[in-house]
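In: Only the shape, not the letters, is given here:
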């Protein structure tokens, strides 16, 4: 039995202007390309990284994931 996925668009819209990193597995059927694009439309400050040949969730040890995490940490250093 499949259940409906909850929607949090109203809550997510409150992040507008806040840097939100998103690492998405290219093959994910949970965090789809359409959802990632909607996230980018709602919050243009979102940073979306696509990990090739991965589903959900990416392992976060892929070069694309590590690069995205490193970039976020460098940004955080500037905020401190």
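Out: Ah, there it is. Quantities reported herein were computed from a predicted structural model and do not represent experimental measurements.
In: so where's this structure shaky on pLDDT?
Out: Low-confidence segments of the chain (pLDDT under 70): 1-2.
In: where exactly do the helices run in it?
Out: For the chain, the helices defined by DSSP state H cover 9-12, 33-42, 63-79.
In: Nearest to residue 3, out of those helices?
Out: Nearest to residue 3 among these is helix 33-42 (17.1 Å), distances taken as CB to CB. Placement of C-beta: from N, CA and C, glycine included.
In: What helices and strands are in contact with the closest one?
Out: Under the contact criterion of 3 or more CB pairs under 8 Å, 6 or more residues apart in numbering; DSSP states H and E, helix 33-42 touches helix 9-12, strand 21-25, strand 47-51.
In: Strand partners (parallel or antiparallel) of the last one?
Out: Pointing back at strand 47-51 there. Under the criterion DSSP bridges, strand 47-51 sits next to strand 21-25 (parallel) in its sheet.
In: Could you check the angle the strand it pairs with makes with helix 63-79?
Out: Interaxial angle, strand 21-25 versus helix 63-79 (axes from the mean of the first three to the mean of the last three CA atoms, to 10 degrees): 180 degrees.
In: What are the buried residues along strand 21-25?
Out: Residues 22, 23, 24, 25 are the ones in strand 21-25 that count as buried (16 or more other CB atoms under 10 Å).
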